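1. no letters, just coordinates:
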Ligand SMILES: [Zn+2]
């Protein structure tokens, strides 16, 4: 399992856990952060190497 941290909150200095995903999870998620109330696009890629943090975070502001 790995933790997905809200990139918007993180940019403001807060660590807010959005959700947990299993290590073999891939795809695009749109969780809503309870901290900043933004819908955040989370792109989870398949493991490509030994580096643990392979997730790519994109702030998505078109959804409400
Ligand atoms: Zn947030």
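-> Yep, it's here. Owing to the predicted nature of the structure, the values given are computational and were not obtained by experimental measurement.
2. gap between residue 2 and residue 37?
-> 23 Å (C-beta to C-beta, to the nearest Å). C-beta coordinates here come from the backbone N, C-alpha and C atoms, glycine included.
3. what about the two, which has more around it?
-> residue 2 (14 against 9; other C-beta atoms under 10 Å).
4. wait, the more buried one sits on residue 21?
-> Yes - using C-beta atoms under 8 Å, residue 2 is in contact with residue 21, at 6.2 Å.
5. how about the contacts made by the residue lying closest to residue 9 once chain neighbours are set aside?
-> Nearest-residue entry for residue 9: residue 16, 4.0 Å, with adjacent residues in sequence omitted and distances by C-beta to C-beta, 6 or more residues apart in numbering. Going by C-beta atoms under 8 Å, 6 or more residues apart in numbering, residue 16 touches 5-6, 9-10, 33-36.
6. residue 16 and the ion: what is the separation?
-> Here the criterion is C-beta to the ion, to the nearest Å. By it, residue 16 lies 5 Å from the ion.
7. ok, so what distance separates the residue lying closest to residue 26 once chain neighbours are set aside from the ion?
-> Nearest-residue entry for residue 26: residue 46, 4.8 Å, with adjacent residues in sequence omitted and distances by C-beta to C-beta, 6+ apart. Distance, residue 46 to the ion, using C-beta to the ion: 25 Å.
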